[in-house]
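A.B. asks: one predicted model, sequence on top.
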Amino acid sequence: MADPVAAVAALDEPNRRRLYDLVAAATCPISKDEAAQAVDLPRTTAAFHLDKLVEMGLLTVVHERRTGRSGPGAGRPAKLYRRSDEQIAVSLPDRRYEAVGHLVTDALVEAETTGEPARVILNRRAYEWGADLAAKSPGDVTEALAAFGFEPRTEGGEILLRNCPFHSLAHRHTELVCGMNLCLVSGLLDGIEASGVTAHLDPSPGHCCVRISPAPSSRSPSVSR
């Protein structure tokens, strides 16, 4: 899928926005001829904008025979447009509220089934999620953290995280969300086998509650959990 910022910016063009709104509101896929007529544009202009919306991931193309006929003589399927099933969201700074919503929901469902405390399950799932993210991330610690939106910065031998992906939740439920965040970062660091560092809670103004410091020589190079 296209870059989400570029996808949203594509809708700033008035005709493109009108075409997107038209297709999104339609109860069935529509053709470029139908779209051009509905918004009073030349067919070639409508086709250009529709295909650009497909390129951006906002629309998708389906091919259907509207006559209901099939087999020889039925003609070629029509090229039709419908809204994409992809979700496109832009957040500046980077926020991951949907992801934490899934974590909390899964933890509550599992807690109802097993009787295990929901917070214990949440922290475990957050750690596992971080380890899974590590498999898709670069091996470098700062690059892996940056890929998740933490905005890491090295300072005095430590790595400070300038952005919290769960900012507003952390303000309202600090102990719960920061504990989950610590487990997430720990899982990420363990997943990329980041030796010699440990993640710990150290809140400070303008930063995420988690800080990454050199591990004491007496400890294992694995991060604390």
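C.D. replies: Arrived safely.
A.B. asks: list the residues that contact residue 160.
C.D. replies: When contacts are counted by CB atoms under 8 Å, 6 or more residues apart in numbering, residue 160 is found next to 152, 153, 154, 204, 207, 208, 211. C-beta here means a position set from N, CA and C on the backbone, and glycine is covered the same way.
A.B. asks: which SSE is residue 79 in?
C.D. replies: Take DSSP states H and E as the rule and residue 79 turns out to sit in strand 78-83.
A.B. asks: quick one: residue 60 and residue 194, what's the gap?
C.D. replies: Shown here: residue 60 relative to residue 194, a distance of 39 Å by CB to CB, to the nearest Å.
A.B. asks: give me the more crowded residue out of the two.
C.D. replies: Comparing residue 60 with residue 194 by other CB atoms under 10 Å, the one with more neighbours is residue 194, at 25 against 16.
A.B. asks: returning to that earlier point: just among the contacts of residue 160, which is most surrounded?
C.D. replies: Of the contacts of residue 160, with other CB under 10 Å as the count, residue 208 tops at 27 neighbours.
A.B. asks: run a quick check on that residue versus residue 150, I expect a contact.
C.D. replies: Yes: in terms of CB atoms under 8 Å, residue 208 counts as a neighbour of residue 150; the distance is 6.2 Å.
A.B. asks: what do those two both touch?
C.D. replies: Contact criterion CB under 8 Å, 6+ apart; residues shared by residue 208 and residue 150: 161, 162, 163, 164.
A.B. asks: need the contact list for the last one.
C.D. replies: Contacts for residue 164 were tallied using CB under 8 Å, 6+ apart; they are 150, 170, 181, 207, 208, 209.
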